[in-house]
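K.L.:
Fold the following for me, if possible:
(4 chains)
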Number of protein chains: 2
Amino acid sequence: MIEATPNPVTTVMRALADPTRRAVFERVFESKEISVAELTRGSGVTQGAISQHLKSLKQAGLVAERAEGRNVYYRAAPQGLEPLVTWMDHYGLFWRERFQNLRDLLKEIDP
Amino acid sequence: MIEATPNPVTTVMRALADPTRRAVFERVFESKEISVAELTRGSGVTQGAISQHLKSLKQAGLVAERAEGRNVYYRAAPQGLEPLVTWMDHYGLFWRERFQNLRDLLKEIDP
DNA sequence: GAATTGAATTAGCAGATGCTAATGAATTAG
DNA sequence: CTAATTCATTAGCATCTGCTAATTCAATTC
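P.N.:
Next comes the predicted model:
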């Protein structure tokens, strides 16, 4: 079965399924803003590869960019995760169990 | 960067990233139990393909099986989604918004 | 017992994927 | 102005993936 225009869930899952690409997202997420060069350092892959991963993440709506001079700074766009959350809402029944342990968390947010 | 033993998050995401395979999981989830033949019907792919997808899902811990006679019945194992949930717990900050609407749900569970 | 059905496995293939190396465009530094 | 830095893009590649078709084994059915 082929999806003409791929489902958002598919897009996001595919973007995050690759460990290298997911690691890029995580680093972008943890830094408020981070340049491509900085992302490349210690990534184990070339700058070109990083740019390609960033392109995928951007198309999935998971990161956004801001150009400044010759640098391009990326930041996470966690709203991009919404398709995943919605999907899990529906198919992750076992959440119910989690909700039982959630009282503490709620207190933390609104004591 | 190559992962020797792939991360559970990677395993689950990869299993669910493919639309056909995810559709299989969803159908298994919605039926309490379902045979391979039944899954094959209306899936658009051959029985062999379905078996391969089920194998992936099983290795990811997302489904379990029960053999009876010459049939094999599959059921969802939503605990297999835990790696995903844990990951999102960490990287899906925007959950905070959702938590605000959660009070009602909690009351429903423990009035 | 022979034919049928359900399911797993395999070989083989077309297409997708992730990577590198190289190139090019743009900005900054000397 | 020239050299160096940052980033995106491309071609080419080795590998992975999802599929079909075919085979095999097991369990019903006739």
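K.L.:
so does stretch A:52-62 get close to DNA strand C?
P.N.:
Yes. Judged by Cβ under 7 Å from any atom of the strand, stretch A:52-62 and DNA strand C are in contact via A:52-53, A:56. Bear in mind the C-beta positions are built from the backbone N, C-alpha and C, glycine included.
K.L.:
quick one: buried residues of that stretch?
P.N.:
Neighbour counts over stretch A:52-62 (16 or more other Cβ atoms under 10 Å in any protein chain shown) mark A:53-54, A:56-58, A:60-62 as buried.
K.L.:
can you redo those residues as JSON lines with pLDDT and distance to chain B?
P.N.:
Formatted as JSON lines, the buried residues of stretch A:52-62 follow (pLDDT from 0 to 100; distance: Cβ to the nearest Cβ, whole Å):
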{"residue": "A:53", "pLDDT": "98", "distance to chain B": "11"}
{"residue": "A:54", "pLDDT": "98", "distance to chain B": "16"}
{"residue": "A:56", "pLDDT": "98", "distance to chain B": "12"}
{"residue": "A:57", "pLDDT": "98", "distance to chain B": "12"}
{"residue": "A:58", "pLDDT": "98", "distance to chain B": "17"}
{"residue": "A:60", "pLDDT": "97", "distance to chain B": "11"}
{"residue": "A:61", "pLDDT": "97", "distance to chain B": "12"}
{"residue": "A:62", "pLDDT": "97", "distance to chain B": "10"}
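K.L.:
distance between the helix or strand hosting residue A:84 and the chain's centre?
P.N.:
If you go by DSSP states H and E, residue A:84 is part of helix A:82-91. Taking the mean of its C-alpha atoms, helix A:82-91 sits 14 Å from the chain's own mean (Cα atoms, centre = their mean, to the nearest Å).
K.L.:
average pLDDT for stretch A:20-28?
P.N.:
For stretch A:20-28, the mean per-residue pLDDT is 98.
K.L.:
So for it, what gets flagged as buried?
P.N.:
Across stretch A:20-28, burial judged by 16+ other Cβ under 10 Å covers A:21-25, A:27-28.
K.L.:
Over to stretch A:32-50?
P.N.:
Buried, per 16+ other Cβ under 10 Å, within stretch A:32-50: A:34, A:36, A:38-40, A:43, A:50.
K.L.:
okay, and for chain A, where does confidence drop off?
P.N.:
Filtered on pLDDT under 70, chain A yields the residue ranges A:1-4, A:92-111.
K.L.:
Could I get the full set of helices for it?
P.N.:
A:8-17, A:19-30, A:36-40, A:47-59, A:82-91, A:95-100, A:103-109 (DSSP state H).
K.L.:
That's all I had, so thanks and see you.
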